[in-house]
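model this:
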Amino acid sequence: MIGHTELLIIVLVILVLFGAAAIPKFARSLGQAKKEFTKAMKEGEEEGKSLEDGKQA
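Modelled structure (predicted):
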């Protein structure tokens, strides 16, 4: 498990590598990717359920 100190070091390295201006863009991109992933998972579950219902009928 990552401790507080290790997490702080990782954040500082990212800040140095990418700069402060790039961090919000990166966070926004991660949020959009998560949103699209969860949407695709829900669509996949719904498709799977409809396929199962079709086989049972």
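
Now the element after the strand or helix carrying residue 9, going C-ward?
Following DSSP states H and E, one finds residue 9 within helix 4-18. Per DSSP H and E, the first helix or strand lying C-terminal to helix 4-18 is helix 22-56.

name the helices or strands packed onto that next one?
Helix 22-56 sits against helix 4-18, with contacts defined as 3 or more C-beta pairs under 8 Å, 6 or more residues apart in numbering; DSSP states H and E. Where C-beta positions appear, they are placed from N, C-alpha and C, glycine not excepted.

list the buried ones in the helix holding residue 9?
For helix 4-18, burial by neighbour count (16 or more other C-beta atoms under 10 Å) applies to no residue.

which residues are in contact with it?
2, 23, 26 (C-beta atoms under 8 Å, 6 or more residues apart in numbering).

Quick check: the gap between residue 42 and residue 29.
Residue 42 sits 21 Å away from residue 29, going by C-beta to C-beta, to the nearest Å.
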